[in-house]
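**Q** Dropping the sequence and predicted coords here.
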Amino acid sequence: MESVDVAVLGSGASGLTAALAAHGQGASVLVCEKGEQLGGTSAWSGGMIWIPNNPHMRAAGIEDSREDALTYLSSLSHDLIDPALAEAFVDHGPEMVQWLEASTPVQFQLVPEFPDYHPEFPGGKPGGGRSLECPLFSYDELGEHKHRVTVGHNYGTAPITMEESHLGRAVPVQVTADERVRRAERDDRGCGQALIGRLFKGCIDRGIEIRTQCRALELVVDSGRVRGVRMLGPDGPFEVKVRGGVVLATGGFEWNRDLVRAFLRGPMTSPVSVPTNEGDGLTMCMRIGAALGNMREAWWMPAVEAPGGPDGRPQIHLFAAERARPRSVMVNRYGRRFTNEAANYNAFGAAFHEQDVARFDYPNLPCWFVFDQKHLDAYGFIDSAPGAPAANWVTKAASLRELAVRVGIDPDGLQSTVARWNQMAARGVDADFHRGESAHDTWWGDPQVKGCPQATLGALDTGPFYAVEVKSGALGTKGGPRTDGVGRVLHVDGDVIDGLYAAGNVMASAMGMTYGGAGGTLAPGMVFGFLGGRDAARRSRQDSA
Ligand SMILES: Cc1cc2nc3c(=O)[nH]c(=O)nc-3n(C[C@H](O)[C@H](O)[C@H](O)COP(=O)(O)OP(=O)(O)OC[C@H]3O[C@@H](n4cnc5c(N)ncnc54)[C@H](O)[C@@H]3O)c2cc1C
């Protein structure tokens, strides 16, 4: 039977960081990935990581401290954040960045001025600094392995960093035509592709094998200690024995309908992650008595479903920056606004889960994004570039009344909501939901006027008008096995389950219901991968000594 020091299950950023960290401690490592390609949702992502007090902030003279970071997280906790995990994340994040930069091809740079997601809370950073990303990475460096990384539809293989996008800067760095050609020739990729490409290159350099189409099914436990994993590979079942430990990095359970219904606190119909994230790690842990935590939470994300997805299914788009732009509102079936449309996507989940206790329903689902012609001309919409017509799946009508009738919104409600919104926009104050008061809202709005209320406030007064239904989605779930501060999984009876670690969306998140800032999900995943991988390797060394 095959045996290694450390087996890592799942090849997203959490899993690959665990593999590198374990190898850095001298361990032999095998990574098993269920999908046909590697990288998971991490490879589809924006690739930003949120690391308070990071070395790049210090180098740029931006102040931060352990105390500020912990104050910030605790101010958002609602008693759901385990202080020991928050401390482990804040204490070891900068160390993980330094170790990856010194020991692997992974490098980071600031995404300049990107505000935290609740920047006005105590310890928050309205001027940014905690969000990092990788510089572009040439996929030519992966040689024969370059096609092994999965590519998502939101960011694709774009040769652009966040810093060069409207999200990252008020005035994005201009890329010359010559430079664009060079980037295409080198197959340079940014965002999550750069992050996973660099982590993957680190694995290749170290000879770490990543076996795709290998689904972990069951943990092998002997005398209370995890000693191996049963897998299903392309050639049938096989078993891997481990000396140090197993690191679970199998992502969340967002694609498993039964688990979603069993655990999440409210409706979530449109996950945007890789569909192989079906909660396998969670069920493997439940089977051996792991303690669970944070089960009702996800990284919530409003989503828009367009035609053209795989196997006749819809293509699910994140719906983030669009909501923050002027000349738009979101309304429920009564035609009423129900929240600050420009709020961060994770916090927005709470607006979807609000209940009307008299009617005993979710009044804000379904809901619609409504915008006018000037919005479309200025910003485009999903697949339509600015100035282009809207796609034919977007409902269009000459008047707000007609639009409302077509999609099923109360027309009187919509008309009076838009009339009130237009008055408030003219005054520059959203007296109802405070849109535009936070540095967050004005950063995500119109890139030309970043930082001003006008970046997000603006009247809907120029027909035709448009509407699209917005769904309750998620980047991934964030509940699972509880761990200690080094990522060791805990048993329901309180002890550590010897030889078992968890990192990323499979684990009970160190962030509770919170999303600290851009990069708030990948960062804790990678930090706990780093800690767990390292500890599993040490464990294996101790045993063989
Ligand atoms: C478009 C988009 C943009 C985003 N941008 C950002 C961003 O900029 N910053 C940020 O912090 N977050 C971002 N996110 C969210 C982020 O991508 C995820 O939260 C993160 O990738 C989760 O990492 P993970 O390692 O836990 O899981 P994943 O990266 O999803 O990896 C889990 C892997 O485990 C595999 N697996 C599942 N079951 C098994 C099994 N039984 N055996 C073996 N393998 C298994 C899966 O196939 C998958 O490859 C974004 C998400 C999307 C979709």
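**A** Received the coordinates, thanks.

**Q** what residues does the stretch 151-300 of the chain put near the ligand?
**A** 152, 154-155, 215-216, 249-251, 272-274, 276-277, 280, 299 (Cβ under 6 Å from any ligand atom). C-beta: built from backbone N, CA, C; applies to glycine.

**Q** Tell me how many other residues surround the residue in the stretch 301-450 of the chain that the ligand sits nearest to.
**A** The ligand sits closest to Leu318 of the stretch 301-450 of the chain, with a gap of 5.3 Å, by Cβ to the nearest ligand atom. Using other Cβ atoms under 10 Å as the criterion, Leu318 is surrounded by 20 other residues.

**Q** cool, and Phe338?
**A** Phe338, neighbours per other Cβ under 10 Å, totals 18.

**Q** Now do the same contact list for the closest residue to it other than its chain neighbours.
**A** Closest residue to Phe338 in three dimensions, ignoring its sequence neighbours and counting by Cβ to Cβ, 6 or more residues apart in numbering: Asn364, at 4.7 Å. Residues near Asn364 by Cβ atoms under 8 Å, 6 or more residues apart in numbering: Asn332, Phe338, Thr339, Ala351, Phe352, Glu354.

**Q** What of Ala216?
**A** Taking Cβ under 8 Å, 6+ apart as the test, what Ala216 contacts is Leu9, Cys32, Lys34, Val229, Arg230, Met231, Thr250, Asp280, Gly281, Met284.

**Q** what's the pLDDT at it?
**A** Looking at Ala216, its pLDDT reads 98.

**Q** before we move on, back to that, pretty sure the residue of the stretch 301-450 of the chain closest to the ligand sits against Tyr155.
**A** No - counting by Cβ atoms under 8 Å, Leu318 does not reach Tyr155; the two are 9.7 Å apart.

**Q** So which of the contacts of Asn364 sit within strands?
**A** Residues of the contacts of Asn364 located in strands (DSSP state E): Asn332.

**Q** Just the buried subset of the contacts of Asn364, written out for ChimeraX, thanks.
**A** Entered in ChimeraX, the line below selects the buried ones among those, by 16 or more other Cβ atoms under 10 Å:
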select :332,338,339,351,352
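
**Q** any idea which of the contacts of Asn364 is closest to Gln174?
**A** Minimum distance to Gln174 across these is 35.8 Å, recorded for Thr339 (Cβ to Cβ).

**Q** residues in contact with that closest one?
**A** Contact analysis of Thr339 by Cβ under 8 Å, 6+ apart lists Met330, Phe348, Ala351, Asn364, Phe433.

**Q** ok, which pair from the residues you listed is furthest apart?
**A** Asn364 and Phe433 (12.4 Å).

**Q** from the stretch 401-545 of the chain, which residue is nearest to the ligand?
**A** Nearest to the ligand, among the residues of the stretch 401-545 of the chain, is Gly504, at 2.4 Å (Cβ to the nearest ligand atom).

**Q** What does the pLDDT read for that residue?
**A** pLDDT, read off for Gly504, is 98.

**Q** now swap in the one 4 residues further on and tell me
**A** Ala508 is assigned 98 on the pLDDT scale.

**Q** Report the contact partners of it.
**A** Counting by Cβ under 8 Å, 6+ apart, Ala508 has contacts Asp82, Leu292, Gly293, Asn294, Met295, Lys478, Gly479, Gly480, Pro481, Arg482, Thr483.

**Q** Retrieve the pLDDT associated with the first one.
**A** At Asp82, the pLDDT value in this model is 96.

**Q** Can you tell me how far it is from Tyr72?
**A** Relative to Tyr72, Asp82 is positioned 16 Å away (Cβ to Cβ, to the nearest Å).

**Q** who has more neighbours, the two?
**A** Counted by other Cβ under 10 Å, Asp82 and Tyr72 do not tie: Tyr72 has more neighbours, with 26 against 20.

**Q** what about the more buried one, which SS state?
**A** What DSSP: H, G, I helix; E, B strand; the rest coil gives for Tyr72 is helix.

**Q** Show the contacting residues for it.
**A** Tyr72 sits in contact with Pro52, Asp116, His118, Phe121, Pro122, Gly123, Gly124, Lys125, Gly516, where contact means Cβ under 8 Å, 6+ apart.

**Q** Please check those residues and keep the buried ones.
**A** For the contacts of Tyr72, buried by 16+ other Cβ under 10 Å: Pro52, Asp116, His118, Phe121, Gly123, Gly124, Lys125, Gly516.

**Q** show me where the stretch 401-545 of the chain has helices.
**A** Under the criterion DSSP state H, counting those that start in this stretch, the stretch 401-545 of the chain contains helices at 411-427, 439-444, 522-544.

**Q** got those helices as a markdown table, with distance to the ligand columns?
**A** Putting the helices of the stretch 401-545 of the chain into a markdown table (distance: least, Cβ to the nearest ligand atom, whole Å) gives the following:
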| stretch | distance to the ligand |
| --- | --- |
| helix 411-427 | 29 |
| helix 439-444 | 13 |
| helix 522-544 | 3 |
